[in-house]
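Q: Fold the following and give me the result.
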Amino acid sequence: MRQDPAVVPGPPPQTRNELQAWVREHLDLPPGAEAALLTAIDAVFTRHERLWQESKQEAIQALSAGFADKMARVKTELSAKDATVSSISHYFEALVADLTDKSHRDPKTKLMNFSRFTEQLESFLALEQRGRWCAVGLVDITGFKWYNDALGHSVGDQIIERVAALLREQVRSDDLLAQERLTPRATDEEHRSKDLHARFGGDEFCFLIPDLAECHQAHSVGERFREAVERYDWTLEDRRLSVQPVHVDVGVVCLWLGSVANRRFIARRLAADLIQRADKLMYEAKGERASHIYLLRAQINNGTLAEMNDDDPPALESAEV
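A: Numbering: from 1, shown residues only. This is a model prediction of the structure:
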């Protein structure tokens, strides 16, 4: 399981080699970007070492010559150089944080990208011990190709960005809907710091509801997503959208979590199965214009995802390890 970039274990890097190793270990950068960053780091360290050596030599010469005024100037220069090095350090800290965040975000919508979403879903399934039900949902913009073809790609991009914003606004504070769990023991305040909505790709989005008391609540959340999109005044984006306002289709798989021991070693496969089932339900919802939402109840049975009928009780297992 990948460590979250916001919580880096161990002491911070103290040397050039440690910083270079930290970059390679914690940043998933393309080879070119990584090489450029390491080259920049090396250049900063080299220049700092040279400036420091020059400063020391100047100080020795000033002491030897007994020039008090030059000593004062050297002290001022050293302070300025230390301030510069400190500024450079803060710059690289901000740069690393920005690059890490960008590697996890979809550039168009600023939502979590699908790769990061699956990592967080796998982590949740492998570690979560407190919940009863969770739900994974996929959202698709109905007939999106028409908007691109009839109104142009710029309008299509506006629609995608607005749907992403509307979905993000539907977070429920009481059940931490779509909140990224930073660590298994993170506080509620930390839970609320980042979202767990994601862009699946194209005009599709996905979300996780991590803790539900009853399965039917997942349908209510999906319905709120759908209604938020339908209530929005799409003419604010483009007047031509009055002819065909935007709608979405939603597929949701509601999973009985059961014992964490039954999930821990199959978390990756289970996450993929949940997303695949939700994707299938979403496309089935396209054939039912009345609701646009399909919901499936499921539980883990002998290491596989098994569908449950509406009247089937969940397996009576402890949610503890």
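
Q: My reading is that A21 lies in a strand. Confirm?
A: No. Counting by DSSP: H, G, I helix; E, B strand; the rest coil, A21 is not found in a strand; it is helix.

Q: what about Q129, helix or strand, and which?
A: Using DSSP states H and E, Q129 falls within no helix or strand.

Q: So what does it have for phi and psi?
A: phi -120, psi -10 (degrees, to the nearest 10).

Q: correct me, but it touches A261?
A: No. In this structure, Q129 is not within contact of A261 by CB atoms under 8 Å, at 9.7 Å. For the C-beta atoms, the positions are set from N, CA and C on the backbone; glycine is no exception.

Q: Show me where the stretch 201-321 of the chain has its strands.
A: Under the criterion DSSP state E, counting those that start in this stretch, the stretch 201-321 of the chain carries strands at the ranges 204-212, 248-256, 293-301, 304-308.

Q: Redo those as JSON lines? Include distance to W22.
A: Below are the strands of the stretch 201-321 of the chain laid out as JSON lines (distance: least, CB to CB, whole Å):
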{"stretch": "strand 204-212", "distance to W22": "30"}
{"stretch": "strand 248-256", "distance to W22": "37"}
{"stretch": "strand 293-301", "distance to W22": "38"}
{"stretch": "strand 304-308", "distance to W22": "38"}
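
Q: Need the ones you listed in a markdown table (columns: mean pLDDT, mean neighbour count and distance to E284).
A: A markdown table is the format used below for these (pLDDT from 0 to 100; neighbours: other CB atoms under 10 Å; distance: least, CB to CB, whole Å):
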| stretch | mean pLDDT | mean neighbour count | distance to E284 |
| --- | --- | --- | --- |
| strand 204-212 | 87 | 25 | 15 |
| strand 248-256 | 92 | 26 | 7 |
| strand 293-301 | 88 | 21 | 5 |
| strand 304-308 | 90 | 15 | 13 |
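
Q: Out of those, flag the one nearest R269.
A: strand 304-308 (8.6 Å; CB to CB).

Q: Would you give the sheet partners of the closest one, along with the direction of each?
A: Note on strand 304-308: by DSSP bridges, its sheet partners are strand 293-301 (antiparallel).

Q: And for the closest residue to E169 other than its chain neighbours, the neighbour number?
A: Closest residue in space to E169, ignoring its immediate chain neighbours: A228 at 6.9 Å, by CB to CB, 6 or more residues apart in numbering. Counted by other CB atoms under 10 Å, the residues lying close to A228 total 16.
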